[in-house]
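Asks: Quick one, what's the 3D model for this:
(2 chains)
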Amino acid sequence: NAGVMQNPRHLVRRRGQEARLRCSPMKGHSHVYWYRQLPEEGLKFMVYLQKENIIDESGMPKERFSAEFPKEGPSILRIQQVVRGDSAAYFCASSPAGSGGYTFGSGTRLTVV
Amino acid sequence: SQELEQSPQSLIVQEGKNLTINCTSSKTLYGLYWYKQKYGEGLIFLMMLQKGGEEKSHEKITAKLDEKKQQSSLHITASQPSHAGIYLCGADHDNYQLIWGAGTKLIIKP
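Replies: Numbering: from 1, shown residues only, chains lettered A, B, ... in the order given. Coordinates of the predicted model:
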């Protein structure tokens, strides 16, 4: 059981480019959550998805950010036209149901230059 | 006030000494996660506590959940340099959004 897989581990983007972060949940988990950790801060909830559904995106900025979890393949967190303030660690977690039993991935560290 | 208060913010401990990190919630705790993060790296799962009074140990790290106080403590015995890092607690308030503490930076002095 490979756990929650996130890639890439590190991502460098120039301002204005797009960043795509991928998250493959644990086998048997159909719920995915994305969190962001800004420098020197705790993790903050961004979005909760089930297969082909966004359940709660209240923590995600309204502009430039989007997330999906297709029927096949990993969940994708997409950030368009990145700015320096998007530099952060983005963590993905999965669970078998909508509460409890969360497993976190190792994160993707995004640096915008 | 914060939903989840973690203390202390930072801690410098002589190698071999014991230490405790606390996590206090303003809401009912249905679960509490402890993770460790090395500077600039990913999250390392330590323990998950679910029931009031539950206590778990892994090597020299012990964590307890006090449901009544809505609090969890992480205790490290005979600290080693490998224990250095940032310790994070995440609270399950019976909501899929885990609420996280700001972290405790632990430095071990040789």
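Asks: and the residue of chain A nearest chain B?
Replies: Residue of chain A nearest chain B, by C-beta to the nearest C-beta: A:Ser106 (3.1 Å). The way it works is simple: take the backbone N, C-alpha and C, and place the C-beta from them, glycine included.
Asks: For that residue, which non-adjacent residue is spatially closest?
Replies: Sequence neighbours aside, B:Gly42 is the residue nearest to A:Ser106 in space, at 3.1 Å (criterion: C-beta to C-beta, 6 or more residues apart in numbering or on different chains).
Asks: Give me the neighbour count for the residue of chain A closest to chain B.
Replies: A:Ser106 has 18 neighbours, counted by other C-beta atoms under 10 Å in any protein chain shown.
Asks: Mind telling me what element it is part of?
Replies: In this structure, A:Ser106 is located outside every helix and strand according to DSSP states H and E.
Asks: pLDDT score assigned to the closest residue to B:Ser26 other than its chain neighbours?
Replies: Excluding its sequence neighbours, the residue lying closest to B:Ser26 (C-beta to C-beta, 6+ apart) is B:Glu3, at 5.2 Å. The model reports B:Glu3 with a pLDDT of 86.
Asks: how about B:Glu3, what does it touch?
Replies: B:Ser25, B:Ser26, B:Lys27, B:Ala91, B:His93, B:Ile99 (C-beta atoms under 8 Å, 6 or more residues apart in numbering or on different chains).
Asks: Burial check on B:Lys56, number of neighbours?
Replies: With other C-beta under 10 Å as criterion, B:Lys56 counts 15.
Asks: Quick check: A:Met26 is in a helix.
Replies: No. Checked against DSSP: H, G, I helix; E, B strand; the rest coil, A:Met26 lies outside a helix; its state is coil.
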